[in-house]
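# return atomic coordinates for the entry below.
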Amino acid sequence: MLDIKFLRENPDLVKENIKKKFEDKKLPLVDEVIELDKRNREILQEVQNLQAERNKVSKEIGKLMGQGKRDEAMKIKEEIAESGKKIDSLNSEQKNVAEEIRKRMLVIPQMIDPSVPIGKDDSENVEIEKFGDPVVPDYPIPYHTDIMESFDGIDLDAAGRVAGNGFYYLTGDIARLHSAVLAYARDFMIDQKHFTYVVPPFMIRSKVVDGVMSFDEMDAMMYKIEGEDLYLIGTSEHSMIGRFIDQIIPEEKLPLTLTSYSPCFRKEKGAHGIEERGVYRIHQFEKQEMIVVCKPEESPKWFNNLWQNTVDLFRSMEIPVRTLECCSGDLADLKVKSLDVEAWSPRQKKYFEVGSCSNLGDAQARRLHIRVQGADGKKYLAHTLNNTVVAPPRMLIAFLENHLQADGSVTIPEVLRPYMGGKDKLVPTHKK
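Here you go, the predicted structure:
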């Protein structure tokens, strides 16, 4: 959410930013906010004047009563009562006006970073760099569920009977590989990147939802608990950032560098592929996440550190990846800048998304009132960033395709062997 003062003083810049995101339908909101803000300040000034006048005349009542001028004193009391009614009415109007301002401010997009490429949608995202050599072997790479089934490692039919489309059972070596990747990612972030490990709540209240994401994202993603003010998290970023709601963080404690594990639940409303066979787009998965809360001037540095962490992790597992900068039209409204990490798919002969790194500037901090107290005692809004460390089972697709051998076995890179009981490869129970 933007600073109302910034919008008031820079309406043309805000409108230009909306145009860069190809959200022209939101342009009228800027003028609406300006008009509502003007009325809001008029009301506040009028209330202040009425209160000052009421305080002034209230002092006259005692004097008049002491002078025996009861009728004059009672008249002033009546005027004060009328003034009180007027103040109450104005306060009620101000509350409504402030709420209308907030509704509009919540959907006006954050100012994007000048470095963000301009484009309408994800088809215009820009490749930045490739890491590792993408290989297409001279033997066929089966569909990922076929690979899993060759190890008796997945049961989609049973999951469909139990929970419907978008769910899965993982079993045996594939289930162990799933857990091994998560355990390795956790230790990678703790031991190599020196982040603090956290297991957060897996449900959050609506005020946290409002603070961490846009309404469109919430409607497409979040599952609400019936009869409760609780939502299942779509990513641990939500509860991790929510941890600091209404908090003042001493500047000397920054940056906060945190890595969190959680299951994630997503409706995937309007998404393509949820009915398709496989585990690329699903309603439930597990993820290791990384979060940074820092000073504003440090967020560009941390943005680069975060996506590099994911690249380092995937390369340590011998999976080729590339980075792709998200264009303006592909940025969610709270994001200042975003970059996707994509893994190589030998079967599809192309890259696909396995992680997303985002700098949200002060957008979440403004909504959730997350402030920093500097050494000089002054308070300012923190910047927040997040990035996927790893999110199986989608990540398993890249892993299995890139490590599949001609005989159907899957090699285990050295870094994962301690988490797989020392195994250096998985042998299928039957060929698909």
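
# just the helices in the stretch 51-200 of the chain please.
70-105, 144-150, 156-162, 172-187 (DSSP state H, counting those that start in this stretch).

# tell me where the stretch 301-432 of the chain has helices.
Under DSSP H, counting those that start in this stretch, the stretch 301-432 of the chain gives helices at 363-368, 394-403.

# can I get those helices in TSV with mean neighbour count and mean pLDDT?
For the C-beta atoms, the positions are set from N, CA and C on the backbone; glycine is no exception. Shown next, in TSV, are these (neighbours: other Cβ atoms under 10 Å; pLDDT from 0 to 100):
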stretch	mean neighbour count	mean pLDDT
helix 363-368	25	95
helix 394-403	24	95
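
# just send those helices back as a markdown table, with distance to G153 too.
What follows is the helices of the stretch 301-432 of the chain, written out as a markdown table (distance: least, Cβ to Cβ, whole Å):
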| stretch | distance to G153 |
| --- | --- |
| helix 363-368 | 38 |
| helix 394-403 | 9 |
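
# looking at those helices, which is nearest to L170?
Closest to L170 of the helices of the stretch 301-432 of the chain is helix 394-403 (Cβ to Cβ; 8.4 Å).

# on that earlier part again, of the helices of the stretch 301-432 of the chain, which is nearest E318?
Nearest of the helices of the stretch 301-432 of the chain to E318, taken as Cβ to Cβ: helix 394-403 at 6.9 Å.

# what's the helix or strand of the chain with the lowest mean pLDDT in contact with?
The least trusted helix or strand in the chain, going by mean pLDDT, DSSP states H and E, turns out to be helix 215-221, with a mean of 73. Applying Cβ atoms under 8 Å, 6 or more residues apart in numbering, the contact partners of helix 215-221 are 106-107, 209-210, 213, 231, 234, 266-271, 332-333.

# of these, select the buried ones using a ChimeraX command.
Here is the ChimeraX command that selects only those of these that count as buried (16 or more other Cβ atoms under 10 Å):
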select :106,209,210,213,231,234,266,267,332,333
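
# so of the contacts of helix 215-221, which ones are in strands?
If you go by DSSP state E, the contacts of helix 215-221 have Y231 in strands.

# could you count how many residues lie near the residue nearest to G132 when sequence neighbours are not counted?
Nearest residue to G132 in three dimensions, chain neighbours excluded: P320, at 3.4 Å (Cβ to Cβ, 6 or more residues apart in numbering). If you count neighbours by other Cβ atoms under 10 Å, P320 ends up with 20.

# who are the contact partners of P320?
130-135, 343-344, 402.

# for it, give me the pLDDT.
For P320, the pLDDT comes out at 98.

# I'd like the next helix or strand past the least confident helix or strand of the chain.
strand 223-224 (DSSP states H and E).

# mind giving me the packing neighbours of that following strand?
When contacts are defined as 3 or more Cβ pairs under 8 Å, 6 or more residues apart in numbering; DSSP states H and E, strand 223-224 packs onto strand 231-232.

# next helix or strand past the strand it packs on?
helix 236-242.

# just give me how far that next one sits from the chain centre.
Chain-centre distance of helix 236-242: 8 Å, with Cα atoms, centre = their mean, to the nearest Å.

# give me the residues contacting the helix or strand following it.
For helix 236-242, the following helix or strand on the C-terminal side (DSSP H and E) is strand 248-250. Outside of strand 248-250, the residues within contact range by Cβ under 8 Å, 6+ apart are 256, 293, 370-373, 379, 382.

# out of these, who has the most neighbours?
Highest count within these by other Cβ under 10 Å belongs to A382, 28 neighbours.

# name the nearest of the contacts of helix 215-221 relative to S299.
Looking across those and measuring by Cβ to Cβ, the closest to S299 is A332, at 16.5 Å.

# re the thing from before, quick one: which of the helices of the stretch 301-432 of the chain is nearest V354?
helix 394-403 (5.4 Å).

# how about residues contacting the closest one?
135, 141, 144, 147-148, 174, 177-178, 181, 278-280, 285, 314, 317-320, 343-347, 352, 354, 410-413.

# just the buried ones from those, in PyMOL syntax?
A single PyMOL command selects the buried members of the contacts of helix 394-403 (16+ other Cβ under 10 Å):
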select buried, resi 141+144+147+148+174+177+178+181+278+279+285+314+317+319+320+343+344+345+346+347+354+410+412+413
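
# out of the contacts of helix 394-403, list just those in strands.
Going by DSSP E, the strands hold 285, 343-345, 352, 354, 410-411 from these.

# pretty sure N125 contacts G329?
No: the criterion here is Cβ atoms under 8 Å, and N125 misses it with G329 at 9.4 Å.

# can you list residues touching both of those two?
G119.

# closest one of the contacts of helix 215-221 to E298?
A332 (22.0 Å).

# was I right to think the closest one contacts S214?
Yes: in this structure, A332 is within contact of S214 by Cβ under 8 Å, at 5.9 Å.

# state the distance from G242 to T235.
Using Cβ to Cβ, to the nearest Å, G242 is found at 12 Å from T235.

# helix, strand, or coil at I282?
With DSSP: H, G, I helix; E, B strand; the rest coil as the basis, I282 sits in coil.

# count of neighbours near it?
I282 - counted by other Cβ under 10 Å - has 20 other residues nearby.

# that one is in contact with G166, isn't it?
Yes: the pair I282 / G166 is scored as a contact, 4.9 Å apart, by Cβ under 8 Å.

# any weak-confidence spans in the stretch 101-250 of the chain?
Scanning the stretch 101-250 of the chain for pLDDT under 70 picks out 215-216.
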